[in-house]
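J.: Sequence first, predicted model second:
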Amino acid sequence: MQLIDGKAVAGRVLAQCKDDAMRLTAEGRAPGLAVVMVGDDPASRAYVGSKERTCVQLGFHSVKHELPADTTQQQLVGLVRQLNDDPEIDGILVQSPPPAHIDEAAVVRMIDPAKDVDGFHPDNVAKLAMEDDSAFVPCTPLGVQRLLQESGVDTAGAEAVVVGRSMIVGKPMALLLSRRGPGGDATVTIAHSRTRDLAAVCRRADILVAAIGRPRMIGPDHVKDGAVVIDVGINRIEDAGDKRGYRLVGDVDFDLVAPRCRAITPVPGGVGPMTIAMLMENTIRARRRRGV
Ligand code: NDP
């Protein structure tokens, strides 16, 4: 069984991003990423903090806007407009989820698609579906695809099952795996909460991607011998023995599933680090395209 080390692969991607950032800075301007957060959800705060730290480590121009929970839609859209017009900013990210009174989809539509490094704007979603290489692709599924490629997993002709159909992970994952070319050409099934006999559908998979948000839901009955299993899930479960009072587990019951697998990602240390690495790579791409 091969343990797919997302931290190591992400480390290599980030090293390349650092070199690229140095070169781009020497050419006239560092890549710039703006991260906007509304409210004080602790998980969001942790994600935003680690994005900012990574930017600083890579020599990016990093801007963080932490807005109070009672920020209005109009104020948030105003900030997005300002960032769209800021010549030093190449990428804009509005951390999800915002408070309930914010219409998140409407905010995403206001982001300049050329700065939409999360790949959530409808223009980029359409481009991904149309196999237009200029699309910004959502970072988590992009990271999964890179992990598969870096781990020597051949997707061409493989049966892939993606559990989850969100616009952030499941749907773009299925589009990436089914599109023509390297890291694609798989035969893809999308499963979700209405899927009949999920275990039987999952057992068809040579490559199983779990993006559900249910701790350890995927057990050995869902996995055929020799499958490659990618666990996107990040779930907090109570753990009195941990000083934080919780620990992170995936959507896959790792201990029971791993012995059946050809390869599997751990949680933490699998897909998570790749998400940030892809965000940085997308920001470099945006900077290159926008020029100095
Ligand atoms: P969503 O809640 O948006 O989507 C979950 C999907 O799982 C839905 O399509 C849902 O089906 C499906 N689902 C829920 N319950 C079941 C079930 N019992 N059987 C089959 N399918 C089910 O979550 P996200 O896609 O945003 O995230 C999924 C997981 O990935 C979460 O744990 C999240 O924390 C993690 N994540 C990790 C990232 C990383 O960097 N590693 C980044 C983003 C997310 P339906 O559509 O029918 O409701």
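T.: Thanks, I have the structure now.
J.: which phi and psi does the nearest residue to P113 once chain neighbours are set aside have?
T.: Leaving out its chain neighbours, the residue that sits closest to P113 by C-beta to C-beta, 6 or more residues apart in numbering is D123, at 4.0 Å. C-betas here are computed from N, CA, C, even on glycine. Main-chain torsions, D123, degrees, to the nearest 10: phi -60, psi -40.
J.: V163 too?
T.: phi -100, psi 120.
J.: Which residues are in contact with it?
T.: 170, 191-192, 195, 198, 202, 208-212, 218, 251 (C-beta atoms under 8 Å, 6 or more residues apart in numbering).
J.: how far away is the residue nearest to P113 from the ligand?
T.: 21 Å (C-beta to the nearest ligand atom, to the nearest Å).
J.: Need the pLDDT of that residue.
T.: With respect to pLDDT, D123 scores 98.
J.: Near it, how many other residues are there?
T.: 18 (other C-beta atoms under 10 Å).
J.: try the one 4 residues further on
T.: Using other C-beta under 10 Å, K127 is surrounded by 18 other residues.
J.: Now name the helix or strand holding it.
T.: Here K127, judged by DSSP states H and E, is contained in helix 122-129.
J.: now T140
T.: With DSSP H and E as criterion, T140 is part of helix 139-150.
J.: residues in contact with A126?
T.: Contacts of A126 by C-beta under 8 Å, 6+ apart: none found.
J.: For it, give its distance to D86.
T.: Note on A126: its distance to D86, by C-beta to C-beta, to the nearest Å, is 25 Å.
J.: Can you report how many residues lie near M22?
T.: Residues near M22, counting by other C-beta under 10 Å: 13.
J.: Same question for the one 10 residues further on.
T.: Burial of G32, expressed as a neighbour count using other C-beta under 10 Å, amounts to 23.
J.: tell me the contacts of the closest residue in space to T71 that isn't next to it in sequence?
T.: If the residues on either side of it in the chain are set aside, T71 comes closest to V38, at 5.1 Å by C-beta to C-beta, 6+ apart. Shown in contact with V38 (C-beta under 8 Å, 6+ apart): 67-69, 71, 76, 94-95, 98-99, 102.
J.: Most neighbours among those, which one?
T.: Most surrounded of the contacts of V38: other C-beta under 10 Å gives V94, at 24 neighbours.
J.: So which bits of the stretch 51-200 of the chain are right by the ligand?
T.: 140, 163-166, 168-170, 191-195, 198 (C-beta under 6 Å from any ligand atom).
J.: Could you pick out the buried ones from these?
T.: 140, 163-166, 168-170, 191, 195, 198 (16 or more other C-beta atoms under 10 Å).
J.: out of those residues, which are inside strands?
T.: 163, 191 (DSSP state E).
J.: Please tabulate the buried ones among the residues of the stretch 51-200 of the chain next to the ligand in CSV and include pLDDT as additional columns.
T.: Shown next, in CSV, are those (pLDDT from 0 to 100):
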residue, pLDDT
T140, 98
V163, 99
G164, 98
R165, 98
S166, 98
I168, 97
V169, 98
G170, 98
A191, 99
T195, 98
L198, 98
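J.: what's the helix or strand for M37?
T.: Since the elements are taken from DSSP H and E, M37 ends up inside strand 32-38.
J.: residue ranges with poor pLDDT in the stretch 101-250 of the chain?
T.: Within the stretch 101-250 of the chain, not a single segment meets pLDDT under 70.
J.: just the strands in it please.
T.: For the stretch 101-250 of the chain, the strands defined by DSSP state E, counting those that start in this stretch cover 159-163, 187-191, 207-210, 228-231, 235-238, 246-249.
J.: Let me see the ranges of the helices in the protein.
T.: Along the chain, counting by DSSP state H, helices occupy 6-26, 42-58, 73-85, 104-110, 122-129, 139-150, 170-178, 198-203, 254-257, 271-290.
J.: could I get the ones you listed as JSON lines with distance to G233?
T.: Listed next are the helices of the chain as JSON lines, based on distance: least, C-beta to C-beta, whole Å:
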{"stretch": "helix 6-26", "distance to G233": "13"}
{"stretch": "helix 42-58", "distance to G233": "13"}
{"stretch": "helix 73-85", "distance to G233": "29"}
{"stretch": "helix 104-110", "distance to G233": "21"}
{"stretch": "helix 122-129", "distance to G233": "22"}
{"stretch": "helix 139-150", "distance to G233": "11"}
{"stretch": "helix 170-178", "distance to G233": "12"}
{"stretch": "helix 198-203", "distance to G233": "14"}
{"stretch": "helix 254-257", "distance to G233": "11"}
{"stretch": "helix 271-290", "distance to G233": "9"}
